[in-house]
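>>> Got a predicted structure plus its sequence, pasted below:
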Amino acid sequence: MTCQGAPGRVLAMPKPKPTPQARALAEALRVARKAARLAATEVADKLAWSQSTISRIETGLRAASAEEVSALLAVYQVTGDRREALLSLARDNGPWWFADLAAQRETLAQYEKEAIKIVAFGTTLVPDLLRTPAYARVVGSSGAVLGQKKFVGYIDEAVLRRQIGGPQVMTHQLRHLVSIAERPTVELRVIPFAAGAYPGGDYVLLEFGPARPLVHLRHRGTGLFLHRPGDVAPYVQSTVDAVALDPARSVRLIESVVEARPQRGDLLRQ
């Protein structure tokens, strides 16, 4: 698809990102092929497809129809519940819950690598990409690397004051937030108690430049990806900016919480 740019010049429309279902299905099909000990060229020969078709399906760049998935699974000898689960991915293109926590983390990590900007909201816990390893272990998540891309983090004041993992773990986490806020690519915003009620929730908004953004919601070990424009729009148009402190005041509030916490000597005497 193309659009008209400057006179005499035709610009290509940005390609959409693979949907979460397409990405998960692609990985599952790749794993199934390897489990069957078949090379992509062998599968292409068996189905009279091009090797590029197999490659694009396995990278999520080409959406596979239910009929194509059925043909692939027949070659891979995948049957029963696993076959039905993968066929359901091929049929469903709406919001999708991840029942597999490992697949959820892998898919989210891949999107985070590709995003040019990440906006994370933490109303109950510190967002994943801002967690120290010790804090992450306590809340049951794996360590994540923020990298150098643009990151905006919104954190409710309650998260700063909630005791997670003991005084030392929490103090270290708060100091880590102060340190990471110094990065030029990071904007940290605290939503103070004084803000009152606001549309909250823990979620991650991933922006990909010209391609459409995605939203990831997490709930008790499962995750929901939103990619349809109407579903994503409320998160893109969030009004939290109006109630969050600016970055400088946010850091000062975090520092004040750290200063009010017991010092190491006080902890040893307890």
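Sure thing, it's come through. What you are looking at is a predicted structure, and each value in this text was computed from that prediction instead of being measured.
>>> quick one: average confidence on the strand or helix carrying residue 81?
Remark: residue 81 resides in helix 80-91, with elements defined by DSSP states H and E. Predicted confidence along helix 80-91 averages 83 (mean pLDDT).
>>> do the same with stretch 46-66
90.
>>> Residue nearest the middle of the chain, spatially speaking?
What sits nearest the mean C-alpha location of the chain, by CA atoms, centre = their mean, is residue 108, with 3.6 Å.
>>> mind listing the helices for this structure?
In chain order, the chain shows helices spanning 20-35, 40-47, 51-58, 66-76, 80-91, 101-114, 133-139, 157-161, 167-180, 229-236, 247-260, 264-269, with DSSP state H as the criterion.
>>> now the longest one against helix 101-114, angle please.
Here helix 20-35 runs at an angle of 110 degrees relative to helix 101-114 (axes from the mean of the first three to the mean of the last three CA atoms, to 10 degrees).
>>> Which strands or helices does helix 20-35 pack on?
helix 51-58, helix 66-76, helix 80-91, strand 96-98, helix 101-114 (3 or more CB pairs under 8 Å, 6 or more residues apart in numbering; DSSP states H and E). (Glycine included, C-beta is placed from N, CA and C.)
>>> can you do 7 Å?
The elements that helix 20-35 packs onto, with contact taken as 3 or more CB pairs under 7 Å, 6 or more residues apart in numbering; DSSP states H and E, are helix 51-58, helix 66-76, helix 80-91, helix 101-114.
>>> now swap in the third one and tell me
Using 3+ CB pairs under 7 Å, 6+ apart as the contact criterion, the elements in contact with helix 51-58 are helix 20-35, helix 40-47.
>>> could you point out the longest strand in this protein?
As far as residue count goes, and with DSSP state E defining each element, the longest strand of the chain is strand 211-219.
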